[in-house]
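**Q** structure for this input, please:
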Amino acid sequence: MHLDLVEVKVDPEKMDEETTVEVKVDDEASTDSKRHQVVSPPYKSCLQQFSTKLKETFFPDDPLRQFKGQPLNRRVILGAQYFFPVLQWAPNYSIKLFKSDLISGLTIASLAIPQGISYAKLANLPPILGLYSSFVPPLIYVILGSSMDLAVGPVSIASLVLGSMLAEEVSPTAQPDLFLQLALTSTFFAGLFQAALGVLRLGFIIDFLSKAILIGFMGGSAVIVALQQLKGLLGIVHFTKKMSVVPVLTSVFENKDEWSWQTVLMAVSFLALLLGARHISLKNPKLFWVSAGAPLVSVVISTIVSFAIKAPHHGISIIGKLPKGVNPPTAHKLLFHGSHLGVIIKTGLITGILSLTEGIAVGRTFAAIRNYKVDGNKEMMAMGIMNMVGSTTSCYVTTGSFSRSAINHNAGARTAMSNAVLSVTVLVTLLFLMPLFEYTPNVILGAIMVAAVIGLIDIPAAYLIWKLDKYDFVVMLTAFFGVIFISVQLGLALAVGVSVFRILLQITRPKTLMLGNIPGTNIYRNIHHYEEATRVPGFLILSIEAPINFANINYLNDRILRWVEDEEATFKDNLRLQYVVLEMSAVSAIDTSGVSLFKDLKSTLTVKSIELVLVDPIADVIEKLQKAKDAKEFIQSDYLFLTVEEAVTSLSSTMKSITSNMPKEEAQPVVTEYFVV
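**A** Numbering: from 1, shown residues only. The predicted structure is shown next:
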């Protein structure tokens, strides 16, 4: 290990918290130290560069790596398992595993049946579609899905968005057939979009829905869903079609004469039952079956009571007759032309993104608990295909539900077979048990909905966001208040816009830091972070921590020159600024406009007799800089270094001598200290 003896001279009359030190490196030691050259990256053709970037952008997980070195028959098996994940676990499936999946499947079915009916009404669709959507999609997911815990079916958020967006275009009561056509076609486009994301490996698009946005959006949606249930909980007949909080509350109090005390009494009673069951399960996770079975128990009890007292005669509305039988085909109802096509595609796009985000997030959450991997691209294709097929079999948008998946996981599900058990249970219900739901009160569906969405309001997560990042908290509040006061889709769009604005700020105003040396080491750190870090006389050392492109070159140019002016003012009486050192290890990319930044900086600094020094530029950056016209005029090999320490050590020995302007008789004694670097 080579050690350099460095002489440090400090003027005691000028020592304060802004003290700078003059570093003189022994010439002989400097000559002996080895300087590492910055070299150009190995040559790659345009095709090679393009293929490399394409692979890193769309195939970071390298899905073909498992096929390398494998014989043909093994490759065929691996290929089949890749496209049909069921083949990964089915060969080793056993009776023991089936027992666990049977229990969990029956448990989630007890929740999925009443929830399915409730969510369909939330989407302004016939209640039977909620059961249809809990039959076909789970069967498809068993074959194509990669999660062992995800329970598939309708969810509140997608149902709310689908129903509200289409209701703005077509009335679900005045034109129910057309509304159903729009819903099914929107489901098809949602699935098409999801599958396309998976095939093209464009899943990063859903990353624009940050955690802060989702927490705010889901919380706001939970409030809207709960307020919408006031129609059923209070027995109101005439109710607003709008979703925002002001019209809903206005409608509630303007129609006080329609409130039914019998309906309110039943609502309060069963809400207490459902919320009490939820509280018990939260306090003791082993009693998960209490909250899982509470909705079905509530449906059974309320139906019996409703039948016994002849509920319609007492102002309590009931579901009415539901058709028996399996899903009828609906491919002929898909609408791919006409004036409504625009809103169909928009609704499919938004509901597709929301359901995809929720499903993947839930799947990855439980996969992390059980230590297995969920493939995001497979999930996109699985959900896309099940929604496209579902749209032709009387199903609307489905995905993985958090509440049902949590119960599925806690009930001991071992594989995706629990979804098959759920599907068979729903099939039995469709074939034989539909008449039993005729007297089910609508109020109980509203109570089930309210109890389900309360868990979407995550106050601890919101508080954590407040502590970690105030801007994210603003984004979360934007989503929350945008949803409840404007509309579901505009609230979400507004929150995404605020998040994108933050990204644009980070791009156009990249972080730049001034570095100083930590005494006794060759380490350089932010002087505003590390108090012991000191500036090196004659050097302005800056770190750029962002890509350099057309959007930020003017800001960087102005910011660097302002620092130069500040440094010149600071050292004008005793030491002139001679080098501006740019530490570029965090500059991951540069474009044509970015190259011009260095040309302009070089020209400006040359007028001031200051040299521009670049430290640790990555391969892509140095390659573009060297290919630029007149590159030798602004990028010289003598001013390219691998580390800041090498730059300071090498250039200190060539610094011009400094002549003090102070009279000799006023010169103060100098304290000299030595340390080893």
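**Q** got a list of what the closest residue to V595 other than its chain neighbours touches?
**A** Of all residues not flanking V595 in the chain, A628 sits nearest, at 4.8 Å (Cβ to Cβ, 6 or more residues apart in numbering). Quick note: C-beta positions are derived from backbone N, CA and C, even for glycine. By Cβ atoms under 8 Å, 6 or more residues apart in numbering, A628 lies in contact with V595, K599, I635.
**Q** how far away is the last one from V613?
**A** Here I635 is placed at a distance of 10 Å from V613 (Cβ to Cβ, to the nearest Å).
**Q** now do the first one
**A** In this structure, V595 lies at 17 Å from V613, with Cβ to Cβ as the measure.
**Q** neighbour count: these two, which is higher?
**A** Shown here are V595 and V613; by other Cβ atoms under 10 Å, V613 has more neighbours (24 against 21).
**Q** tell me the SS of that one?
**A** strand (DSSP: H, G, I helix; E, B strand; the rest coil).
**Q** so it touches T654, yeah?
**A** No. Using Cβ atoms under 8 Å, V613 is not in contact with T654; the gap is 11.6 Å.
**Q** measure T250 to G293 for me?
**A** Per Cβ to Cβ, T250 is found 37 Å from G293.
**Q** who's more crowded, those two?
**A** Between T250 and G293, counted using other Cβ under 10 Å, the more crowded position is G293 (16 against 12).
**Q** tell me which element the more buried one is part of?
**A** Take DSSP states H and E as the rule and G293 turns out to sit in helix 288-309.
**Q** next one: V580
**A** Using DSSP H and E, the element containing V580 is strand 579-583.
**Q** ok, now S171?
**A** Counting by DSSP H and E, no helix or strand carries S171.
**Q** same question, F336
**A** Under the criterion DSSP H and E, no helix or strand holds F336.
**Q** which phi and psi does it have?
**A** F336 has phi and psi values of phi -110, psi 20 when expressed as degrees, to the nearest 10.
**Q** run a quick neighbour tally on it.
**A** Neighbour count for F336, taken as other Cβ under 10 Å: 9.
**Q** can you map out the strands along the stretch 501-650 of the chain?
**A** Counting by DSSP state E, counting those that start in this stretch, one finds strands in the stretch 501-650 of the chain at the ranges 512-517, 524-526, 539-544, 579-583, 611-615, 640-641.
**Q** so for the shortest one, mean pLDDT?
**A** If I follow you right, that is strand 640-641. On average, the pLDDT along strand 640-641 is 90.
**Q** how far does stretch 228-235 sit from its chain's centre?
**A** 34 Å (Cα atoms, centre = their mean, to the nearest Å).
**Q** remind me which residues of the chain are low pLDDT?
**A** Filtered on pLDDT under 70, the chain yields the residue ranges 1-34, 39-40, 57-58, 60-62, 571-575, 629-634, 656-677.
**Q** quick one: contacts for L180?
**A** L180 makes contact with L125, P126, K333, according to Cβ under 8 Å, 6+ apart.
**Q** can I get the residues you listed in TSV with neighbour count and secondary structure?
**A** Compiled in TSV, these are given as follows (neighbours: other Cβ atoms under 10 Å; DSSP: H, G, I helix; E, B strand; the rest coil):
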residue	neighbour count	secondary structure
L125	26	coil
P126	18	coil
K333	18	helix
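**Q** now the residues you listed as CSV including distance to Q578?
**A** As requested, the contacts of L180 are exported to CSV (distance: Cβ to Cβ, whole Å):
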residue, distance to Q578
L125, 74
P126, 79
K333, 77
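**Q** nearest to T512 among those residues?
**A** L125 (54.4 Å; Cβ to Cβ).
**Q** and the closest one, how far is that from L234?
**A** For L125, the distance to L234 - Cβ to Cβ - is 22 Å.
**Q** A461 now?
**A** Distance of A461 to L234, given as Cβ to Cβ: 31 Å.
**Q** out of those two, which sits in the busier spot?
**A** L234 (20 against 16).
**Q** distance of the more buried one from V428?
**A** Separation of L234 from V428 (Cβ to Cβ) stands at 34 Å.
**Q** and I128, by the same measure?
**A** I128 is 15 Å from V428, by Cβ to Cβ.
**Q** neighbour count for these two, which is higher?
**A** I128 (23 against 10).
**Q** which residues does the closest residue to the more buried one other than its chain neighbours contact?
**A** What sits nearest to I128 in space, not counting adjacent residues and going by Cβ to Cβ, 6+ apart, is L322, at 5.0 Å. Applying Cβ under 8 Å, 6+ apart, we find L322 in contact with P127, I128, L131, M434, F437, E438.
**Q** just the buried residues of those.
**A** Listed as buried from those are P127, I128, L131, M434, F437; burial here means 16 or more other Cβ atoms under 10 Å.
**Q** phi, psi of the third one?
**A** Same thing as L131. phi -80, psi -40.
**Q** in what helix or strand does the closest residue to it other than its chain neighbours lie?
**A** Among residues not flanking L131 along the chain, G116 sits closest, at 5.1 Å (Cβ to Cβ, 6+ apart). Using DSSP H and E, G116 sits in helix 95-122.
**Q** and the angle for that helix with helix 288-309?
**A** Counting by axes from the mean of the first three to the mean of the last three Cα atoms, to 10 degrees, helix 95-122 lies at 50 degrees to helix 288-309.
**Q** other SSEs contacting helix 95-122?
**A** Secondary-structure packing of helix 95-122 (3 or more Cβ pairs under 8 Å, 6 or more residues apart in numbering; DSSP states H and E): helix 128-132, strand 152-153, helix 156-167, helix 288-309, helix 402-410, helix 417-428, helix 442-453.
**Q** ok so, going back, between the contacts of L180, which is nearest R525?
**A** L125 (60.0 Å).
**Q** wait, what's in contact with P127?
**A** The contact partners of P127, by Cβ under 8 Å, 6+ apart, come to I117, A120, K121, I319, L322, L445.
**Q** longest helix anywhere in this structure?
**A** helix 341-370 (DSSP state H).
**Q** give me the helices and strands touching the helix or strand just after that helix, please.
**A** Next helix or strand after helix 341-370 toward the C-terminus (DSSP H and E): helix 376-391. Counting by 3+ Cβ pairs under 8 Å, 6+ apart, the packing neighbours recorded for helix 376-391 are helix 136-144, helix 176-200, helix 341-370.
**Q** and the last one, how far out from the chain middle?
**A** How far helix 341-370 lies from its chain's middle: 11 Å, per Cα atoms, centre = their mean.
**Q** list the buried residues in it.
**A** 343-345, 347-348, 350-360, 362-367.
**Q** the nearest residue to A416 once chain neighbours are set aside: how many residues sit nearby?
**A** Among residues not flanking A416 along the chain, V142 sits closest, at 4.8 Å (Cβ to Cβ, 6+ apart). Residues lying near V142 (other Cβ under 10 Å) number 23.
**Q** same question for L178.
**A** Neighbours around L178, by other Cβ under 10 Å: 18.
**Q** do the same with I527
**A** The number of residues packed near I527 is 19, by other Cβ under 10 Å.
**Q** tell me the contacts of it?
**A** Residues in contact with I527 (Cβ under 8 Å, 6+ apart) are M514, L515, G516, A533, T534, R535.
**Q** check these and tell me the two furthest apart.
**A** The most widely separated members of the contacts of I527 are M514 and T534, with 11.4 Å between them, by Cβ to Cβ.
**Q** need the max-distance pair from the buried ones among the contacts of L322.
**A** The span of these, defined through Cβ to Cβ, is set by P127 and M434 at 10.3 Å.
**Q** thinking again about what came up before, compute the inter-axis angle for the longest helix of the chain and helix 156-167.
**A** In terms of direction (the same axes, to 10 degrees), helix 341-370 departs from helix 156-167 by 180 degrees.
**Q** quick check: which helices or strands does helix 341-370 pack against?
**A** Using 3+ Cβ pairs under 8 Å, 6+ apart, helix 341-370 sits against helix 156-167, helix 176-200, helix 376-391, strand 399-400, helix 402-410, helix 488-508.
**Q** and the angle from it to helix 376-391?
**A** Interaxial angle, helix 341-370 versus helix 376-391 (the same axes, to 10 degrees): 130 degrees.
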